[in-house]
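In: Prediction below, plus the sequence it came from.
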Amino acid sequence: MKTRPSTKLNSHQRWSFSALGNVLALSVCSLILSSAFAAEKPMINETIFGGLDDGRMARLYTLENANGLRARVTDYGAILVSLDAPDRDGQLADVTLGYDTLEGWLTNTSYFGSTVGRFGNRIKDGRFSLDGQEYSLAKNNEPGGIPCHLHGGIVGFDKVLWQSEGRVTEDGPQVVLTYLSADGEEGYPGNLTVTVTYTLTNDDELVWEAQAETDAPTIVNIVHHSYWNLSGDPTTSINDHKLTLFADRYLPTDAGLIPTGERKPVEGTPMDFTEATLIGDRVNEDYDSLAKGGGYDHAWVLSETPSAESGLFRAAVLVDPETGRRMEIDTNQPAIQFYGGNFLDGTVTGKDGVVYEHRTGLCLETENFPDAPNQPDFPSSVLRPGERYYHKMVHRFSAE
């Protein structure tokens, strides 16, 4: 029988503490954590970001590396709130979409900056079978009018308060976030213990890592979901960015944006980003995959051999020719979802009161294949007791 998961917070989500005590403690001064003196870099600054309806308080961590690169992370949704990167003239600007205040993030339906799970991306019909048992999940997305499960459901990882700790390491400032996803939460089996870490390294890398362990067989595909506009001006289109994807195949979808199972060559199609290409050059071409997705909204199968040194695949390079900002992405996952902001439609007002219009931000999400639980030819997304899920995603910033 199909059941719809409750949207109420469970006991595992309601870890308690004195909100008043935290406000008083953190209002005395911002907690500066560093290996030596607060004025030195790298450093991390912790403040109260705002309150939830149940009285709990969300924290905001500002990370700054030795070169002045800055990132802000909140423990609500394990969200990347902002990333300030320099252009070719050294001018810093926030290159992510999102909101100025916690109140905005509480209304977040576009998954700006979020950590999504248990299973990021789509699952057909909101159903999967595991060890002979069928599980029903929320159908919270309807591309093409066809319901499916998306990004963990109604109250996924992006809509819960994580426990958090900020610290400075040899690699740079870091935020460690932990969450216990209880057995049955959003319909998923097993108690899943999750740790997400953001590290801003002194090599100008934002490293996002997700680890998970379970006490019963389950499925896992935890994904980072920032929207990028490297111009630093979200009133401009990302169609003017140049994109390289280290992938010679992609996953075509049906009308509901569920992969058909085919791994189709990109050569000779508008899906070919094996060389740096302006995103807008072919996005409006008469091509079946683009028509179904309303533009780019597909998973590309990474084709390069992982580095012997890092164990990571090269996944993508994104460049804004106007400012020179460059972002490279490496990962240990088999695919990257490129979403071109097709569903941004001017109904969301974000940072500094900017209305986010069509294709003013894009996502590059490293991940397992969408709908992997239902397609045996795809890499397995099953996690069993005694195993550890590990997803590493490196964003490397520079200017040219």
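Out: That came through, no problem. Residues are numbered from 1 along each chain as shown.

In: W300: helix or strand, and which one exactly?
Out: strand 297-301 (DSSP states H and E).

In: mean confidence score for that strand?
Out: Averaged over strand 297-301, pLDDT sits at 97.

In: what pairs with that strand, and is each one parallel or antiparallel?
Out: strand 249-250 (antiparallel), strand 335-339 (antiparallel) (DSSP bridges).

In: which residues touch that strand?
Out: With contacts defined as CB atoms under 8 Å, 6 or more residues apart in numbering, strand 297-301 is touched by 121, 245, 247-253, 257, 259, 263, 266, 271, 273, 289, 334-340, 342, 367, 369-370. All C-beta atoms are positioned from the backbone trio N, CA, C, and that covers glycine.

In: just how off-centre is that strand within its chain?
Out: 15 Å (CA atoms, centre = their mean, to the nearest Å).

In: which residues touch R118?
Out: With CB under 8 Å, 6+ apart, R118 has these contacts: G152, G156, F157, S181, E186, Y188, L192, T218, I219, V220, N221, I222.

In: ok, 6 Å please
Out: Counting by CB atoms under 6 Å, 6 or more residues apart in numbering, R118 touches G152, Y188, V220.

In: Check the second one and give its pLDDT.
Out: Predicted confidence (pLDDT) at Y188: the value is 98.

In: Quick check: closest non-adjacent residue to it.
Out: Once flanking residues are discounted, Y188 sits nearest to R118: 5.1 Å by CB to CB, 6 or more residues apart in numbering.

In: Could you work out which of the strands paired with strand 297-301 reaches nearest to T214?
Out: strand 335-339 (22.2 Å; CB to CB).

In: Give the next helix or strand downstream of the closest one.
Out: Following strand 335-339 toward the C-terminus (DSSP H and E): strand 363-367.

In: Adjacent strands (with direction) for that next one?
Out: strand 335-339 (antiparallel).

In: about what we covered before: output the strands paired with strand 297-301 as CSV; include the columns mean neighbour count and mean pLDDT.
Out: Formatted as CSV, the strands paired with strand 297-301 follow (neighbours: other CB atoms under 10 Å; pLDDT from 0 to 100):
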stretch, mean neighbour count, mean pLDDT
strand 249-250, 22, 98
strand 335-339, 24, 98
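
In: Kindly present those as a markdown table, with separate columns for distance to T62.
Out: Putting the strands paired with strand 297-301 into a markdown table (distance: least, CB to CB, whole Å) gives the following:
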| stretch | distance to T62 |
| --- | --- |
| strand 249-250 | 37 |
| strand 335-339 | 27 |
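
In: looking at those, which is closest to S114?
Out: Across the strands paired with strand 297-301, the minimum distance to S114, taken as CB to CB, is reached by strand 335-339, at 13.1 Å.

In: ok, and what's touching the closest one?
Out: 296-297, 299-301, 315-316, 363-367, 369.

In: ok, now stretch 236-249?
Out: 229, 263, 265-266, 273, 276, 278-280, 300-304, 314, 316-320, 359, 362.

In: go with 7 Å
Out: 229-230, 263-267, 273-280, 283, 300-304, 313-322, 336, 338, 340-341, 359-362 (CB atoms under 7 Å, 6 or more residues apart in numbering).

In: for stretch 89-106, same thing?
Out: Outside stretch 89-106, the residues within contact range by CB under 7 Å, 6+ apart are 49-50, 58, 74, 76-77, 79-87, 112-113, 226-230, 232, 234, 325, 350-352, 356, 361.

In: Buried residues of that stretch, list them for me.
Out: Buried residues in stretch 89-106, counted by 16 or more other CB atoms under 10 Å: A93, D94, V95, T96, L97, G98, Y99, L102, G104, W105.

In: Start and end of it, how far apart?
Out: 35 Å (CA to CA, to the nearest Å).

In: mind listing what V317 touches?
Out: T244, A276, R326, E328.

In: from these, which would you call buried?
Out: T244, R326, E328.

In: ok, back up a step: can I have the buried ones of the contacts of stretch 89-106 as a PyMOL selection?
Out: Buried members of the contacts of stretch 89-106, defined by 16+ other CB under 10 Å, are picked up in PyMOL with:
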select buried, resi 49+50+58+74+76+77+79+80+81+82+83+84+85+86+87+112+113+226+227+228+229+230+232+234+325+350+351+356+361
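
In: all strands of the stretch 101-250 of the chain, in order?
Out: 114-116, 122-124, 127-130, 133-136, 148-150, 163-168, 173-181, 192-200, 205-214, 218-219, 223-225, 242-245, 249-250 (DSSP state E, counting those that start in this stretch).

In: Any chance of those strands in JSON lines with distance to A399 as columns?
Out: Putting those into JSON lines (distance: least, CB to CB, whole Å) gives the following:
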{"stretch": "strand 114-116", "distance to A399": "27"}
{"stretch": "strand 122-124", "distance to A399": "35"}
{"stretch": "strand 127-130", "distance to A399": "43"}
{"stretch": "strand 133-136", "distance to A399": "47"}
{"stretch": "strand 148-150", "distance to A399": "35"}
{"stretch": "strand 163-168", "distance to A399": "25"}
{"stretch": "strand 173-181", "distance to A399": "21"}
{"stretch": "strand 192-200", "distance to A399": "17"}
{"stretch": "strand 205-214", "distance to A399": "14"}
{"stretch": "strand 218-219", "distance to A399": "40"}
{"stretch": "strand 223-225", "distance to A399": "22"}
{"stretch": "strand 242-245", "distance to A399": "14"}
{"stretch": "strand 249-250", "distance to A399": "29"}
